[in-house]
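In: need a structure here:
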Amino acid sequence: MNTLSRRRFMHKGVQAAGAASLFTIVPSHVLGRSAEAAPSEKLTIAGIGIGGMGKHNLLYLQSQHIAALCDVDSVFAAPVFAEYPDARTYVDYREMLAQEKDLDAVLIATPDHTHALITLAALEAGKHVYCQKPLTHTVYEARRITEAARNSGLATQMGIQGHSMKDSSRLVEWVRAGVIGPIREVQAWCSLSYYPWGHAAWSAPRGTRPEDTPPVPDTLDWDLWLGPAPWRPYHPCYHPAVWRPWLDFGSGMMGDRGVHTLDPIVWALQLGAPESIEASCTDLNEDTHPIACIVRFAFPARGDMPPVVVNWYDGLEPPRHPAVDSPRDLGEPEGGALFIGDDGLITCGIYGNSPRLLPSTKMENFTPPPETLPRVPDSHEMDWVRACKAGGGAGADFNYSGPLTEITLLGNIAKRFPGTVLRWDSEAFAFENHAEANALLNPPAREGWDL
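Out: This next block holds a predicted model:
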């Protein structure tokens, strides 16, 4: 596991696709025609896991050709199937990839635990990939998928829509221009909680599985939904849409909201891998993510930027700071970030939105620094479409979002060992001081579902 050979990530189909991707589709406005894309200029796209967040992603892709849709639950996905009557429908993504030879690209919005498996299959089939956040469910998967995407030459994007918002670019420019001086600490938070797990589908003590075993609906392929996760009986407290707090399926609030909120922090401060991670948490058990926790990431110096500590507060109210008069000054009690610089403070919302200086009086005569980053003119999804057609990479491609995902998933591992400082060696792909934590980097998959 410590040596990820280049050969393991290469596939003849991927190599051929990488060469094919050098072809550029010239936008119609360059040729003097209408700005509306001709059918030949549209991407042929398939959606996998489209009953939940996938249906929202598809809305932003309607200018393209939605050729196929795939979901393991035909009832959950039925409204989306009806929205695209010309799209062919599938239950098994493997069958779809085998049958749909003309696909250019694939949208993946399944639960976290199947992201990597489906993404790798799509890349190996030579398809551009948009995958919902977090990119993977395990740290090893994040490293593997990042490498596979890099070697493929295909266009990729992770579904952190805030990365394409103008506010997040503005925030990054403020930080990099030194508006608040060197930054040595950042507080980030999400005050939401998943509890009670399973919501209305189930009520039981914290951290226990349901004992009843209702029959699997005829319209759901439960084995395919489980994929690489260990076998367990079907229950509606897992599906649909209530899988995130379960360790076997979801990445908790860290993977759900944390990856959004940490994105502008990682981007602005040019963070690589952390040197150490330490967590404290409540309600530790073998089945679910903690209800509340604090995770401390320590990052080394980068060029002329000093070492920085990023504290993540999960299921907790915004942290207090002596220079902040009221939590209302932070703008979004549901989630956000506070950059603490030597010369002041910047706060923002969950997606890096609404950045502003604190105290608020500092905004009155503030002149923002010049714009240095390109702006995405429309949606995060269309940023990916442009990358598929013209190259150049999307803003949150896997080369960026894979390492970002690693950070969040390392935080989830730290939660399993509260009070322990885990020293991370990214190059060796191992914790220097904790064999049990190392075992969680790449836990075994169910037989027949290995990555």
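In: Quick one: the strands in the stretch 1-150 of the chain, in order.
Out: Secondary structure of the stretch 1-150 of the chain (DSSP state E, counting those that start in this stretch): strands located at 44-48, 65-70, 88-90, 105-108, 128-132.
In: Redo those as CSV? Include mean neighbour count.
Out: C-beta: built from backbone N, CA, C; applies to glycine. Putting the strands of the stretch 1-150 of the chain into CSV (neighbours: other CB atoms under 10 Å) gives the following:
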stretch, mean neighbour count
strand 44-48, 24
strand 65-70, 23
strand 88-90, 17
strand 105-108, 26
strand 128-132, 28
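In: Dump those to TSV, plus distance to W174 and mean pLDDT.
Out: Output for the strands of the stretch 1-150 of the chain, formatted as TSV (distance: least, CB to CB, whole Å; pLDDT from 0 to 100):
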stretch	distance to W174	mean pLDDT
strand 44-48	36	98
strand 65-70	38	98
strand 88-90	46	98
strand 105-108	33	98
strand 128-132	28	98
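In: JSON lines for those, including distance to P403?
Out: Converted to JSON lines, the strands of the stretch 1-150 of the chain look like this (distance: least, CB to CB, whole Å):
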{"stretch": "strand 44-48", "distance to P403": "24"}
{"stretch": "strand 65-70", "distance to P403": "28"}
{"stretch": "strand 88-90", "distance to P403": "32"}
{"stretch": "strand 105-108", "distance to P403": "19"}
{"stretch": "strand 128-132", "distance to P403": "15"}
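In: Out of those, the one nearest Y351 is which?
Out: strand 128-132 (14.9 Å; CB to CB).
In: same for that closest one, what does it pack against?
Out: If contacts are counted by 3 or more CB pairs under 8 Å, 6 or more residues apart in numbering; DSSP states H and E, strand 128-132 sits against helix 53-59, strand 105-108, helix 115-124, strand 156-159, helix 380-390.
In: what's in contact with that strand?
Out: Residues outside strand 128-132 that contact it (CB atoms under 8 Å, 6 or more residues apart in numbering) are 21, 43, 49, 53-54, 57, 104-110, 115, 119, 122-123, 149, 154-159, 381, 384, 387-388, 398.
In: now swap in stretch 355-364 and tell me
Out: The contact list for stretch 355-364 (CB under 8 Å, 6+ apart) reads 167, 170-171, 174, 179-180, 323-325, 329, 331, 338, 344-348, 366.
In: Take those residues and keep only those in helices.
Out: When DSSP state H is applied, the contacts of stretch 355-364 are split such that D167, R170, L171, W174 fall in helices.
In: of these, closest to N412?
Out: Nearest to N412 among the ones in helices among the contacts of stretch 355-364 is L171, at 25.3 Å by CB to CB.
In: Surely the closest one and G352 touch.
Out: Yes. Judged on CB atoms under 8 Å, L171 makes contact with G352 at a distance of 4.8 Å.
In: For the stretch 351-451 of the chain, give me the ranges with low pLDDT.
Out: For the stretch 351-451 of the chain, no stretch is flagged by pLDDT under 70.
In: all strands for it, in order.
Out: Using DSSP E, counting those that start in this stretch, strands in the stretch 351-451 of the chain cover 356-358, 422-425, 430-431.
In: packing partners for the shortest one?
Out: The reference is to strand 430-431. strand 422-425, helix 435-439.
In: ranking these by burial, who's on top?
Out: Of all the helices and strands packed on strand 430-431, strand 422-425 has the most neighbours on average by mean count of other CB atoms under 10 Å, namely a mean of 19.
In: in the stretch 101-250 of the chain, which spans are helices?
Out: Taking DSSP state H, counting those that start in this stretch as the criterion, the stretch 101-250 of the chain carries its helices at 115-124, 139-152, 166-176, 222-226.
In: Helix 115-124 and the second one, what's the angle between them?
Out: It refers to helix 139-152. Inter-element angle recorded for helix 139-152 and helix 115-124: 10 degrees (by axes from the mean of the first three to the mean of the last three CA atoms, to 10 degrees).
In: Among the contacts of stretch 355-364, the buried ones, what's the PyMOL command?
Out: Applying 16 or more other CB atoms under 10 Å to the contacts of stretch 355-364, the buried members can be selected in PyMOL as follows:
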select buried, resi 167+170+171+174+179+180+324+329+331+338+344+345+346+347+348
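In: was I right about A77 contacting D71?
Out: Yes. If you go by CB under 8 Å, A77 and D71 touch, sitting 3.5 Å apart.
In: shared neighbours of these two, which are they?
Out: In contact with both A77 and D71: I50, G51, using CB under 8 Å, 6+ apart.
In: need the contact list for T136.
Out: For T136, the contact set (CB under 8 Å, 6+ apart) comprises D112, H115, A116, T119, A142, R144, I145, G402, T405, L409.
In: Tell me how many other residues surround W231.
Out: Other residues lying near W231 total 10 when counted by other CB atoms under 10 Å.
In: got it, and the one 5 residues further on?
Out: P236 has 15 neighbouring residues, counting by other CB under 10 Å.
In: Check it and give its pLDDT.
Out: For P236, the pLDDT comes out at 92.
In: Relative to I183, how far out is the residue lying closest to G315 once chain neighbours are set aside?
Out: Nearest in space to G315, with sequence neighbours left out and distances taken as CB to CB, 6 or more residues apart in numbering, is A292 at 3.6 Å. Relative to I183, A292 is positioned 26 Å away (CB to CB, to the nearest Å).
In: the more surrounded of the two?
Out: Taking other CB under 10 Å, A292 and I183 do not tie; I183 has more neighbours (23 against 17).
In: The more buried one and G341 touch, don't they?
Out: Yes. I183 is within contact range of G341, at 4.7 Å (criterion: CB under 8 Å).
In: F299 reaches S276, doesn't it?
Out: No. Between F299 and S276 there is no contact under CB under 8 Å: 9.2 Å.
In: More neighbours: which of those two?
Out: Taking neighbours as other CB under 10 Å, F299 and S276 compare with F299 leading, 23 against 19.
In: dump the residue contacts of that one.
Out: By CB under 8 Å, 6+ apart, F299 lies in contact with L269, L271, G272, P274, E275, P307, V308, V309, V310.
In: Enumerate the positions of stretch 160-175 that are buried.
Out: For stretch 160-175, a neighbour-count test (16+ other CB under 10 Å) marks 160-165, 167-175 as buried.
In: Tabulate the CA atom coordinates of it in CSV.
Out: Extracted C-alpha coordinates of stretch 160-175, given in CSV (Å, rounded to 0.1, in the frame of the first residue of the first chain):
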residue,chain,number,x,y,z
ILE,A,160,-18.1,21.2,-4.6
GLN,A,161,-20.1,23.9,-6.3
GLY,A,162,-18.7,26.7,-4.1
HIS,A,163,-15.4,26.3,-5.9
SER,A,164,-17.0,27.9,-9.0
MET,A,165,-18.7,30.7,-7.1
LYS,A,166,-17.4,34.2,-7.6
ASP,A,167,-17.3,34.8,-3.8
SER,A,168,-14.9,31.9,-3.2
SER,A,169,-12.5,33.3,-5.8
ARG,A,170,-12.7,36.7,-4.2
LEU,A,171,-11.9,35.2,-0.8
VAL,A,172,-8.9,33.5,-2.1
GLU,A,173,-7.6,36.7,-3.7
TRP,A,174,-8.0,38.6,-0.3
VAL,A,175,-6.1,35.9,1.6
